[in-house]
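Asker: Structure for this input, please:
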Amino acid sequence: MAATASILVPVDGSANSDRAVLHAVALAKAGFADTLHILNVQPSVGSLVSTFIARADIDAYHREEGEKAIASALKLCADAGVKAEPHIGVGRPGQIVADFARKLGARQVVIGTRGHGGIAGMVMGSVAQDVIGHVDVPLCLVK
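Answerer: Coordinates of the predicted model:
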């Protein structure tokens, strides 16, 4: 199968997201994608914070934290010889992932999950659930 698409992989630097990256790497090596887009979504700061801290400092903070979060994913891709492009977004994860998926033309989103289900998942909330509610492309959850 010829590589014709890209896969978006939201990551947070955890072992769970590294497993998702490894799954996406396997898909890419099998010819399902020619590029992996590695995305970290940083939480936005409240308006109170931006009143006292310069926008440039907030942007630098988001960039630094995002680069830390995507470092292991980029290394996994490089070690496997798979093309990866880093991206950092700021805001609500589900909406940002959906926006990037549309903007990048990703055919699939591969995301790691901690596997909390039932009551624990509802009480703690879930980034994966937020993403599921927003994306309109196939989504693969990696546990």
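
Asker: What residues of the helix or strand in which residue 133 is found count as buried?
Answerer: Using DSSP states H and E, residue 133 falls within helix 127-134. Using 16 or more other Cβ atoms under 10 Å as the test for burial, helix 127-134 gives 127-132, 134. (Glycine included, C-beta is placed from N, CA and C.)

Asker: Any chance you could give me the helix or strand just after it in PDB, C-alpha atoms only?
Answerer: Counting by DSSP H and E, the element after helix 127-134 in chain order, helix or strand, is strand 139-142. The C-alpha coordinates for strand 139-142 follow below in PDB (Å, rounded to 0.1, in the frame of the first residue of the first chain):
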ATOM      1  CA  LEU A 139      -9.500   7.500  15.900                       C
ATOM      2  CA  CYS A 140      -7.400   4.800  17.400                       C
ATOM      3  CA  LEU A 141      -7.100   4.500  21.200                       C
ATOM      4  CA  VAL A 142      -3.900   2.800  22.300                       C
END
